[in-house]
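Colleague: got a structure for you, letters missing:
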């Protein structure tokens, strides 16, 4: 076993750390990824987890609920440990002020110095990037966009949560906690890996073209040259007042090769619409309708298992809106059980990243 | 003037993907997420300065 998971629901951070150490005792941890409820004091938990695994690269973030093999949890800490067979090499960088392009360039310069290869030349079949971002920074689009310009290595991850308080989210690395920051890790796995990006929606075939937007504020002013909220409501055949009730069930998506990159509406502001992720003028979005999260996720896992010939670990970043939908439909246990036979950790996130910044999606890094 | 956008898109895809079909798809997706749909531009498409500026920024990082 070269990947091992642990979790703890104990009360104090000291007890949680002891629990974690005991579960991972005897395992030679080279890299540890962890996700912790916002109930833990960020500066304390980050220091304690690093101290517990002094020789390892340790990083993670706060959550709005955690996922571990077979279960969805709350108020816990979940961790995945990798030994040197699973992870041959890893370099972790903290990007403070992630909206600033120069912060990303600095991190990439450090990656290049470490791997002694330009990031534009690093082989995406041998390396993978992990990204965890302050979920309230609003920086994700710029960050993942710049990363995508600088390298072909796939970065996958998500935006930290804070148990739906929307007050402060943190990312963790090097024994410290950071806000208005992102953790980037470039990993050279020793085993094959793949990605899952799964969202449970069908395309209703109704187009909304962004004709006027305030991209910085994730605000659509007009769709199809009409006030955004009116155009959205009209496309669904409902009154404008009814539109917000449809947001979770009917988000919009940029459909690429038949697969939606979901942009979820957050609220109506006047007759504009505010989204949970960026939309750009000229973008053609399709109205989506939710389908079956359990079945779609099951199929995605089965496909990954088939592609790799087995799975030894999954890091699952699952959108908080999916978690809320599962809660509403009393399917939380069923979702957890999809991962019953696979060492898994994950968390409910305020946004997901895979190629771009997306919503209402689960992004998963899967190891053979 | 026309056709510059298509030319720039092709150049970005060629330089970044180096004939790897999987990477061609990823780079097209990245462009679409920037609001530039590669399939919509032909040799006769107008040279929209806003789109050209976005593509120039991408090309700068190729150097």
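Modeller: Right, received. Where do you want to start? Values in this document were obtained by computation on a predicted structure and should not be read as measured data.
Colleague: how about the helix or strand hosting residue A:113 and chain B, any contact?
Modeller: Following DSSP states H and E, one finds residue A:113 within helix A:101-115. No. Judged by Cβ under 8 Å from any Cβ of the partner chain, helix A:101-115 stays clear of chain B, getting no closer than 9.2 Å. Heads up, the C-betas are built off the backbone N, CA and C, glycines and all.
Colleague: can you list the residues that contact that helix?
Modeller: With Cβ atoms under 8 Å, 6 or more residues apart in numbering or on different chains as the test, helix A:101-115 has contacts from A:89, A:91, A:93-98, A:118-119, A:122, A:127, A:142-143, A:146-147, A:150-151, A:184, A:186.
Colleague: right, and the helix or strand after that helix?
Modeller: Next along from helix A:101-115, by DSSP H and E: strand A:128-133.
Colleague: quick one: residue A:208 and residue A:279 touch, right?
Modeller: No. Using Cβ atoms under 8 Å, residue A:208 is not in contact with residue A:279, being 9.7 Å away.
Colleague: hey, what's in contact with both of those two?
Modeller: In contact with both residue A:208 and residue A:279: residue A:285, using Cβ under 8 Å, 6+ apart.
Colleague: grab the nearest non-local neighbour of the closest residue to chain B within the stretch 151-300 of chain A.
Modeller: Nearest residue of the stretch 151-300 of chain A to chain B: residue A:280, at 3.4 Å (Cβ to the nearest Cβ). Nearest non-adjacent residue to residue A:280, counting by Cβ to Cβ, 6 or more residues apart in numbering or on different chains: residue B:35, 3.4 Å away.
Colleague: just residue A:291 next, same as before
Modeller: residue A:200 (4.6 Å).
Colleague: ok, that neighbour - how many residues close by?
Modeller: Per other Cβ atoms under 10 Å in any protein chain shown, the neighbour tally for residue A:200 reads 21.
Colleague: wait, what's in contact with it?
Modeller: A:290, A:291, A:292, A:293, A:296, A:297, A:322.
Colleague: which regions of chain B sit below the pLDDT cut-off?
Modeller: For chain B, residues meeting the criterion pLDDT under 70 lie at B:63.
Colleague: all helices of it, in order?
Modeller: B:4-17, B:21-33, B:49-60 (DSSP state H).
Colleague: quick check, the first one touching chain A?
Modeller: Yes. If you take Cβ under 8 Å from any Cβ as the test, helix B:4-17 does meet chain A, through residue B:16.
Colleague: report all helices and strands that that helix contacts.
Modeller: Contacts defined by 3 or more Cβ pairs under 8 Å, 6 or more residues apart in numbering or on different chains; DSSP states H and E place helix B:4-17 against helix B:21-33, helix B:49-60.
Colleague: so can I have JSON lines of the ones you listed showing distance to residue A:108 and mean neighbour count?
Modeller: Output for those, formatted as JSON lines (distance: least, Cβ to Cβ, whole Å; neighbours: other Cβ atoms under 10 Å in any protein chain shown):
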{"stretch": "helix B:21-33", "distance to residue A:108": "16", "mean neighbour count": "18"}
{"stretch": "helix B:49-60", "distance to residue A:108": "14", "mean neighbour count": "14"}
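Colleague: of all the ones you listed, which one comes closest to chain A?
Modeller: helix B:21-33 (3.8 Å).
Colleague: run the angle between that closest one and helix B:49-60 for me.
Modeller: 140 degrees (axes from the mean of the first three to the mean of the last three Cα atoms, to 10 degrees).
Colleague: what residues does helix B:21-33 touch?
Modeller: Residues contacting helix B:21-33 (Cβ under 8 Å, 6+ apart): A:124, A:145, A:148-149, A:152, A:154, A:254, A:256-257, A:261, A:355-356, B:9, B:12-13, B:16-17, B:37-38, B:58.
Colleague: spatially central residue in the chain, please.
Modeller: Unless you meant another one, I'm taking chain A. residue A:158 (2.1 Å; Cα atoms, centre = their mean).
Colleague: I was after chain B.
Modeller: residue B:9 (2.2 Å).
Colleague: hang on, that residue packs against residue B:38?
Modeller: Yes. In terms of Cβ under 8 Å, residue B:9 counts as a neighbour of residue B:38; the distance is 4.9 Å.
Colleague: tell me, how many residues neighbour residue 8?
Modeller: Just going to use chain A. Residue A:8 has 22 nearby residues by other Cβ under 10 Å.
Colleague: if you could check chain B rather than the one you did, that'd help
Modeller: Counted with other Cβ under 10 Å, residues neighbouring residue B:8 total 20.
Colleague: all good on my end, thank you.
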